[in-house]
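**Student:** What follows is a protein structure lacking sequence information:
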């Protein structure tokens, strides 16, 4: 009897411990508190000096004026004025990076998003960019010259992201609804277990975190932020974050974020006439290939980039064969395998980055084709439809669908971070 009691007590303890070790991310340990909050949007100089250069997150209250055009983006307004725009959607509200998205029209999305599990995520369509003014904190000094994407996040709330990092600087602004973020300093990026280098996220269930699998979370400090309607949050390069969205009384949550590449701030630029003029996002020439420069700078963290480091990293994180990567390095260096200084990388001409990016993409595409010829027929109508849940198939369109706006210039920046 005593042995039976001991066995039952042991099993009860085991079950209790297991339950205690599985928690929602954010309940794993006490927060260090809210990130810094400022009541007014800082100037570009102050923003760079106080926050961007030291990599300090900050929440800016009322950064999107209530009188601005985005605050007028009602469902009726968007559907009637921009309903034919082609947009990219994700299935489900809990992020799953193993799934593929699909295309629809903005009108079809608006007709369905409050009653179906679907989430609009993608580059902000060009017509909508005209409604969005550059925030004061990004108006000069080099920010606009280094912007490479503006993205829209639109749902009925209740979405949750994976814990991830962006290899870009990020200003995320909420137009409707609110968002809550968990943030951790970039110094812990390689401390937490199960980091997926190719996709830039941690392979964990944020609603059910196993602390035996992720024991480092018990020790890593984290901060929180609540971003409300009209607020913008700056998330520094490589800071870990996880995001949950909440709907407003109209069952809507909508946000726009701006990504930019790291650069050296030029204060003299803030004294030009052009810097004073208020610009919309349509005045900006976005440069998605700048993300390639960021990758190169990361690889040259010790001051130089070697051919071996370049080839090994691209093989590990992107799957490119090392010999192919070494060919790309020769193209970058100008004809040899000598180390490249970080100064040279910083000063690469944009045309060079475009050429290198296209070359790497072509190499990767050729290798994929050689490795699996059966994928040539992937884009036929049957397989396209098979990837979409039944309840959403009536929303799907093909890129060449005549009902979609052919003038929509969707830049092909991958929405999933690759680091």
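**Tutor:** That came through fine. Here the structure is a predicted model, which means the values were calculated and not measured.
**Student:** on contacts alone, who are the packing partners of the helix or strand containing residue 308?
**Tutor:** Taking DSSP states H and E as the definition, one finds residue 308 inside helix 307-317. Under the contact definition 3 or more Cβ pairs under 8 Å, 6 or more residues apart in numbering; DSSP states H and E, helix 307-317 sits against helix 290-299, helix 322-333. Backbone N, C-alpha and C define where each C-beta goes, glycine included.
**Student:** Quick one, which of those gets closest to residue 348.
**Tutor:** Using Cβ to Cβ as the measure, helix 290-299 is the one of the helices and strands packed on helix 307-317 that comes nearest residue 348, at 6.0 Å.
**Student:** Can you list the neighbours in contact with the helix or strand just after that closest one?
**Tutor:** Per DSSP H and E, helix 290-299 leads on to strand 304-305 as the next helix or strand towards the C-terminus. Strand 304-305 has contacts (Cβ atoms under 8 Å, 6 or more residues apart in numbering) with 296, 299, 339, 340, 341, 342, 345.
**Student:** and strand 304-305, how far out from the chain's middle?
**Tutor:** Relative to the mean C-alpha coordinate of its chain, strand 304-305 is positioned 27 Å out (Cα atoms, centre = their mean, to the nearest Å).
**Student:** Tell me the bridge partners for residue 245.
**Tutor:** Beta-bridge pairing of residue 245 under DSSP bridges involves residue 179.
**Student:** just the buried members of the contacts of strand 304-305?
**Tutor:** Neighbour-count burial (16 or more other Cβ atoms under 10 Å) applied to those gives 296, 299, 339, 340, 342, 345.
**Student:** min pLDDT across those, which one?
**Tutor:** In terms of pLDDT, residue 299 ranks lowest among the buried ones among the contacts of strand 304-305, with 87.
**Student:** Make sure it is actually in contact with residue 311.
**Tutor:** No. If you go by Cβ atoms under 8 Å, residue 299 and residue 311 don't touch, sitting 10.4 Å apart.
**Student:** taking the buried ones among the contacts of strand 304-305 as a set, which two sit the farthest apart in space?
**Tutor:** 296 and 339 (12.3 Å).
**Student:** Residues touching the helix or strand hosting residue 362, excluding its own?
**Tutor:** Assigned by DSSP H and E, residue 362 belongs to helix 350-371. Contacts to helix 350-371, defined as Cβ under 8 Å, 6+ apart, come from residues 287, 289-290, 292-293, 314, 318-321, 324-325, 327-328, 331-332, 375-376.
**Student:** could you redo the last one with a cut-off of 6 Å?
**Tutor:** Here helix 350-371 makes contact (Cβ atoms under 6 Å, 6 or more residues apart in numbering) with 289, 292, 293, 320, 324, 328, 332.
**Student:** Report how many residues lie close to the first one.
**Tutor:** Think residue 289. 19 (other Cβ atoms under 10 Å).
**Student:** pLDDT wise, what is it at?
**Tutor:** pLDDT at residue 289 comes out at 90.
**Student:** how about it, what does it touch?
**Tutor:** Contacts of residue 289 by Cβ under 6 Å, 6+ apart are 353, 354, 357.
**Student:** With residue 337 instead?
**Tutor:** With contacts defined as Cβ under 6 Å, 6+ apart, residue 337 is in contact with residue 307.
**Student:** Then it would be within a strand, right?
**Tutor:** No. If the criterion is DSSP: H, G, I helix; E, B strand; the rest coil, then residue 337 is coil and not within a strand.
**Student:** I'm done for today, thanks for sticking with me.
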